[in-house]
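1. model this:
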Amino acid sequence: MADDLTGVAHFLYEAGTLKQTRRTGWWMAGVRDPETVAEHSWRTSLIASIIANLEGADPARAAFLAVWHDSQETRTGDVNHLGKKYSTAADPQAVTADQVAGMPEHLAAMVRDLVAEYEAKESRESICARDADKLECMLQGLEYRSQGYESAQRWIDNSRARIVTETGQRLADELLAQGPLDWLRATLGESPAG
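-> Sure, this is the predicted structure:
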């Protein structure tokens, strides 16, 4: 008999709310229409696969961890660091357990295990995924700063300081040395902006 997929369908609709959930910390930097949690998670997953590959870890596993790293925000919203000072932080593992209740047990266990691994900060892949989260925030800050949001510098500096892998640190330095459109100029054979 096939597993009942009602709970999975519910979660897929729930996960879609992350496409509208804004990353609230950017409002403090003056960004009027900041990225969504889903947009952040996508690029974090891409970065996690890159860092993991270059660190000799499993890139697919690191990307998989990164895909799920903010999935609890369907229930908690994106609580920025200032907001966390005034509220009790929800336990990501407890939120995940509630989210996957009603899913086939083998699927629910997989998701619970992924979130637990990410939160434990012990596996090489979770460390790469966590660095990817910080690097993506730094990268988004660089893009916002280039759009005139000078206050994004705080996020750039704080994120850069929290990166721990050698690859993550080297990549952060390279991103800091470039502009957001240098890739386009290089593709078109143009000189870098000066």
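2. Could you list the low-pLDDT ranges of the protein?
-> With pLDDT under 70 as the threshold, the chain has low-confidence stretches at 1-2, 193-194.
3. Would you map the helices across it?
-> 6-16, 25-28, 37-55, 59-68, 73-76, 81-86, 92-100, 105-120, 124-146, 153-161, 166-177, 182-187 (DSSP state H).
4. Mean neighbour count added to the ones you listed, as a markdown table?
-> Glycine gets a C-beta too; all of them are placed from N, C-alpha and C. A markdown table is the format used below for these (neighbours: other C-beta atoms under 10 Å):
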| stretch | mean neighbour count |
| --- | --- |
| helix 6-16 | 13 |
| helix 25-28 | 18 |
| helix 37-55 | 21 |
| helix 59-68 | 22 |
| helix 73-76 | 17 |
| helix 81-86 | 10 |
| helix 92-100 | 17 |
| helix 105-120 | 16 |
| helix 124-146 | 23 |
| helix 153-161 | 17 |
| helix 166-177 | 15 |
| helix 182-187 | 12 |
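5. What lies in contact with stretch 47-61?
-> With contact meaning C-beta atoms under 8 Å, 6 or more residues apart in numbering, stretch 47-61 is reached by 62-63, 65-66, 123-125, 127-129, 131-132, 135-136, 139, 165-168, 171.
6. can we see that at 7 Å?
-> For stretch 47-61, the external contacting residues (C-beta atoms under 7 Å, 6 or more residues apart in numbering) are 62-63, 65-66, 124-125, 128-129, 131-132, 135-136, 165, 167-168.
7. same question, stretch 133-150
-> When contacts are taken as C-beta under 7 Å, 6+ apart, the neighbours of stretch 133-150 outside the stretch itself are 26, 29-31, 35, 40, 43-44, 47, 66, 69, 152-153, 155-156, 159-160, 162-163, 168, 171-172, 175, 179-180.
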